[in-house]
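> my questions are about this predicted structure, shown below with the sequence.
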Amino acid sequence: MNTVFDLFRNLRNALGFIGELLGYVVRFVSVFFQRRASLAARLLAAESQVGMCKRRTQRKGSPRPKFTAGFRFLWVVLSKLWAPWQAAAQLMQPATVKAWHTRAFRFYWRWRSRRRVGRPLISQEMRELIRKLSRENPLWGAEVIRLTLQNLHYKPPCEDTIRKYMVKPRNPRGKSTTWLPFLRNHLAVSWAIDFFTVTTIRFATLYVCLVLHHGRRKVVHLAITANPSMRWVIQQLREAMPYG
């Protein structure tokens, strides 16, 4: 009875040996029909995992291999460029490689979305051109210089940046009074003159000349005519200012 069991055991071992040998032969023959890129990727995947196993044997204290950043990056690239990468992954699950890729994608876009402080620098050529336009045209402001650069088919920066590189005058003039403070300061001695038309009930057009005092909000002179002329307007101004 033991002889029969030994015979079956030897036959099973022989069949296993032949099957394993045939598997090696099939793999060896299939190598000749593979592309060089696929073969190189397979070789790189195998060598990387063998190297990780060697580190595991060298570090006897760690039961599981500690994957390095380079190893993870390599397998992230292989998962995107090599189709049968899942069959070659023996030390880790395919889901682990996908998690590495998600983490790398998150780090990449966090780096791309980082906050950049300040405005981007402009080229030296653009700085010199802004200084040249500002020096040759001292009455131009930042808005006019920007429009000029656009007409010259340049891509100009914003007005604040242009104002930063403009040539500053040595003796800057004081700021002149704006129009609104000027009117407020001279409100008591200023008049307003208006000339408008009015349509009557018979659809006739009358022309009205009105002189208004700003300080007192009082009508100084009012005249209406159907046929206005330059002589008539001059006469109304004389009547509005009888003392010259």
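Looks like it arrived, so ask away.
> how much space separates the residue positioned nearest the centre of the chain from Phe105?
For the chain, the residue sitting closest to the mean C-alpha position, by Cα atoms, centre = their mean, is Ser113 at 9.9 Å. Ser113 sits 12 Å away from Phe105, going by Cβ to Cβ, to the nearest Å. For the C-beta atoms, the positions are set from N, CA and C on the backbone; glycine is no exception.
> next: Pro169.
54 Å.
> domain map for the chain?
Following the assignment in automatic domain parsing, the chain carries domains at 124-165, 188-240.
> from those, which stretch is densest packed?
domain 124-165 (a mean of 14; mean count of other Cβ atoms under 10 Å).
> that domain: end-to-end distance?
11 Å (Cα to Cα, to the nearest Å).
> the closest residue to Gln49 other than its chain neighbours and Arg238, how far apart?
In this structure, Gln49 finds its nearest non-sequential neighbour in Leu91, 5.1 Å apart by Cβ to Cβ, 6 or more residues apart in numbering. To Arg238, Leu91 is 107 Å away according to Cβ to Cβ.
> same check, this time on Arg146
49 Å.
> for Pro157, same thing?
Distance from Pro157 to Arg238, by Cβ to Cβ: 57 Å.
> next: Pro169.
From Pro169 to Arg238 the distance is 46 Å (Cβ to Cβ).
> Gln86: which of the domains of the chain is closest?
Closest to Gln86 of the domains of the chain is domain 124-165 (Cβ to Cβ; 48.3 Å).
> the strands in the chain, which residues?
In the chain, the strands defined using DSSP state E lie at 191-199, 205-213, 218-225.
> adding mean pLDDT, write these out as JSON lines.
Below are the strands of the chain laid out as JSON lines (pLDDT from 0 to 100):
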{"stretch": "strand 191-199", "mean pLDDT": "91"}
{"stretch": "strand 205-213", "mean pLDDT": "93"}
{"stretch": "strand 218-225", "mean pLDDT": "92"}
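> any chance of those in TSV, plus distance to Ser134?
Output for these, formatted as TSV (distance: least, Cβ to Cβ, whole Å):
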stretch	distance to Ser134
strand 191-199	39
strand 205-213	44
strand 218-225	47
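> how far away is Ala46 from Leu81?
16 Å.
> ok, now Leu212?
Taking Cβ to Cβ, one finds Leu212 at 83 Å from Leu81.
> quick one, helices of this structure?
With DSSP state H, the ranges of helices along the chain come out as 2-31, 36-58, 69-81, 85-88, 94-112, 124-136, 142-151, 159-165, 179-185, 230-240.
> in CSV: these, plus mean pLDDT and distance to Ala204.
Shown next, in CSV, are these (pLDDT from 0 to 100; distance: least, Cβ to Cβ, whole Å):
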stretch, mean pLDDT, distance to Ala204
helix 2-31, 65, 106
helix 36-58, 72, 95
helix 69-81, 77, 86
helix 85-88, 75, 94
helix 94-112, 80, 74
helix 124-136, 90, 57
helix 142-151, 90, 48
helix 159-165, 88, 53
helix 179-185, 82, 36
helix 230-240, 91, 17
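> having no further points to raise, I will conclude here.
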